[in-house]
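Asker: Provided below for reference: sequence and predicted model.
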Amino acid sequence: MAKPPEDSQQSHKGHGFFGLALGSVGVVFGDIGTSPLYAFREAMGAALTDGASRDSILGVVSLALWALILVVTVKYVLFLMRADNKGEGGVLSLMALAQRALGRRTTGIFILGLIGAALFYGDAVITPAISVLSALEGMKTIPSLHKVVNTDTVMLVAIVVLVALFVAQARGTAKVATLFGPVMAVWFLCIGAFGVMHLLDDPHVLLAFSPHYAVEFLGRHGLTGFLVLGSVFLTVTGAEALYADMGHFGRWPIQASWLFFALPCLALNYLGQGAFALAALEWSVAHGKVLANQDWFFLMIPGGLRAPMVILAAAATVIASQAVITGAYSLTQQAIQLGLLPRMTITRTSETQSGQIYLPQINAMLLVGVMVLVVLFRTSDQLAHAYGLAVTGTMVVTTSLAFVVVKRLWKWTWPAAIAFITPFLILDLTFLAANGLKIISGGWVPLLIGGALFTVMATWVRGAQILTDKTRRDSVPLADLIDILRARAPHRAPGTAIFLTSDPEVAPVALMHNLKHNKVLHEKNVILTVRATETPRVAEADRVRIEPVNEDFKKVYISYGFMESPNVPKALAVCRKQGLKFDIMATSFFLGRRSIVPSAQHGMPLWQDKLFIFLMKNAANPTDFFKIPPGRVVELGAQVTV
């Protein structure tokens, strides 16, 4: 078997390993680190429907521990993080890597990538809602607030916190991001310490490390065991963040932080909650009462420390929410560059950190979605039914794409690739089926969000392809136009004209309109094409390529990775070094603006035509998107049917 390529990450030079590891604790592990707030409680709630017993509690703890070991540690930390795309991770990076491994864009790989990306947005809406609600519900366990705080109070405070979080996004997180690592480090140490504190309640909980209890519980409890499995999956939500945020911190810092810090603290907390539940069961039996499910996480904290722990939990869940929101921004930027979504306004909120971006449209949509979920579900208990399905769906996609990488890029044999990937796929599909039982009680939410986003992306890709094909059919090849101009020379205007086009082989629409209506041709004409590559970043030496056509025309290709934001003037400055000299402030940029008219005769269904037109109208202005000086832009329009 060939070994997978080593991590090519080079962007972390100058940063200490400890600093990167601490930073990864603050960003990467926020979601999975706050899962103890609700995961064990939800799993216990499902398990208690068959009655309470020591074996059932040990079974729940064992399932939680082995989910962390198999899904997060083995699959993501030790395996998938080696499948990097020039140091970047995430479902779209993996899709681009799989396509490069195959040497072409295949429909199957492309659809898998769309599904994974669409489901991520479902996760991005649910995570802030369930995390912040679960933290603030701890106020109910504070002795002095027990009679004052109710569900409505928690919901209102959560709404205030979440609105403040989303409003603050426009200002960037650079000033407070340095606190993320230390705050989350304190959080992990605290949850680990409280777990250790309760291990003495019943040391037999350590037996849960044996997978025997997990397997026996599933075998003995049938459908209930399956429901518990769906709730246990909540312990590993956020595992995708380990992979998606690899480019920000590098593989080794994330792996070290997980193996030697985050995982032990999480395991200790789940063991502590299990021991606390075993002690509660023993007390219930001794007093002839039925063990009721409760907020195990906060109740195992001494009463005097619950108030500061609620504050710390709220801070941790805000950080977890911030990481997911930032992930949604990054994913959207990748999707735009890969042509999966229309152009959107992207604002950089830091002069030094390239990953610090803000997308107002995405921020507004996430805020509306989160508010709707908080008001609709009201408690983290109810929201837990909606959580998990989107994450398991994304995991199935990730595992499927990883198979392509293992087989085609790493050159493993068929038997080796199948033997290695199949157990992971079976595990993912099992969790997906278990969470599928929650569709009616809330699982429809991420499916609805994911389905809507998939429809938007599929419509945009299909509509853009139809538009490109139609434009190509109706356009004049550039070579033919040059022959026509040679035979009948038009009036020449001084200066340089740059025509932006996605297809440099045909004459740009703006060029044809300029010749037709203004009857002029500039002294120098540049056919400019901005291309997105299937790598995260493009080296500056490879940014610009100039292809001379004749004395009047030159083709210029500018390439950007899917993690980069285009800046055309900055890239054109490189042209001077390659012999193409012009004064950018004396240069006119010609853009073709197309007015789209729906057509029921061909292409897409009418409703999809209208959706595509809506997306086109709301796409960011190319002048702003490509950072072109507005005073140098000339737009010439045409009407096109799709």
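Answerer: Received the coordinates, thanks.

Asker: for the nearest residue to Phe499 once chain neighbours are set aside, give me the pLDDT.
Answerer: Spatial nearest neighbour of Phe499, excluding adjacent residues (C-beta to C-beta, 6 or more residues apart in numbering): Pro508 at 4.1 Å. For the C-beta atoms, the positions are set from N, CA and C on the backbone; glycine is no exception. On pLDDT, Pro508 comes in at 88.

Asker: ditto for Thr641
Answerer: pLDDT at Thr641 comes out at 67.

Asker: one step back: what are the neighbouring residues in contact with the residue nearest to Phe499?
Answerer: 499-501, 527, 590, 592 (C-beta atoms under 8 Å, 6 or more residues apart in numbering).

Asker: surely Arg408 touches Arg100?
Answerer: No: in this structure, Arg408 is not within contact of Arg100 by C-beta atoms under 8 Å, at 9.3 Å.

Asker: quick revisit: keep only those of the contacts of Pro508 that are in strands.
Answerer: Using DSSP state E, 499-500, 527, 590, 592 are the members of these that sit in strands.

Asker: most neighbours among those residues, which one is it?
Answerer: Phe499 (26 neighbours; other C-beta atoms under 10 Å).

Asker: and which of the ones in strands among the contacts of Pro508 is nearest Ala52?
Answerer: Leu500 (67.3 Å; C-beta to C-beta).

Asker: how about Gln382: what's its closest non-neighbour residue?
Answerer: In space, and not counting its chain neighbours, Gln382 is closest to Gly442: 6.6 Å by C-beta to C-beta, 6+ apart.

Asker: what's the neighbour count on the one you found?
Answerer: Number of residues near Gly442 (other C-beta under 10 Å) recorded here: 20.

Asker: now do the SS call for it.
Answerer: Classification of Gly442 using DSSP: H, G, I helix; E, B strand; the rest coil returns helix.

Asker: would you confirm that it contacts Phe377?
Answerer: Yes: here Gly442 reaches Phe377: they are 6.9 Å apart, a contact under C-beta under 8 Å.

Asker: between those two, which contacts overlap?
Answerer: 383, 386.

Asker: show me what contacts the residue nearest to Phe590 when sequence neighbours are not counted?
Answerer: Among residues not flanking Phe590 along the chain, Ala510 sits closest, at 3.9 Å (C-beta to C-beta, 6+ apart). With contact set as C-beta under 8 Å, 6+ apart, Ala510 has these partners: 499-501, 590-592, 634-636.

Asker: give me that answer again for 6 Å
Answerer: For Ala510, the contacting residues are 499, 590, 592, 636, by C-beta atoms under 6 Å, 6 or more residues apart in numbering.

Asker: name the nearest of those residues relative to Gln382.
Answerer: The closest of the contacts of Ala510, once distances to Gln382 are taken by C-beta to C-beta, is Gly592, at 50.1 Å.

Asker: can you lay out the ones in strands among the contacts of Pro508 as CSV showing distance to Phe420 and pLDDT?
Answerer: CSV is the format used below for the ones in strands among the contacts of Pro508 (distance: C-beta to C-beta, whole Å; pLDDT from 0 to 100):
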residue, distance to Phe420, pLDDT
Phe499, 50, 91
Leu500, 46, 90
Ile527, 47, 92
Phe590, 53, 88
Gly592, 49, 78
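
Asker: turn those residues into TSV, columns for distance to Gly369.
Answerer: Formatted as TSV, the ones in strands among the contacts of Pro508 follow (distance: C-beta to C-beta, whole Å):
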residue	distance to Gly369
Phe499	40
Leu500	34
Ile527	42
Phe590	39
Gly592	35
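
Asker: measure His513 to Leu611 for me?
Answerer: Distance, His513 to Leu611, using C-beta to C-beta, to the nearest Å: 28 Å.

Asker: quick one: which of the ones in strands among the contacts of Pro508 is nearest to Phe260?
Answerer: The closest of the ones in strands among the contacts of Pro508 to Phe260 turns out to be Leu500 (C-beta to C-beta; 50.5 Å).

Asker: just confirm the closest one contacts Ile527, I think it does.
Answerer: No: the criterion here is C-beta atoms under 6 Å, and Leu500 misses it with Ile527 at 8.7 Å.

Asker: strands along this protein, start to end?
Answerer: With DSSP E as the criterion, the chain has strands at 347-348, 357-358, 491-500, 520-532, 544-548, 553-560, 587-597, 633-641.

Asker: mind listing what's buried in the fourth one?
Answerer: Of the residues in strand 520-532, 521-522, 524-530, 532 count as buried by neighbour count, 16 or more other C-beta atoms under 10 Å.
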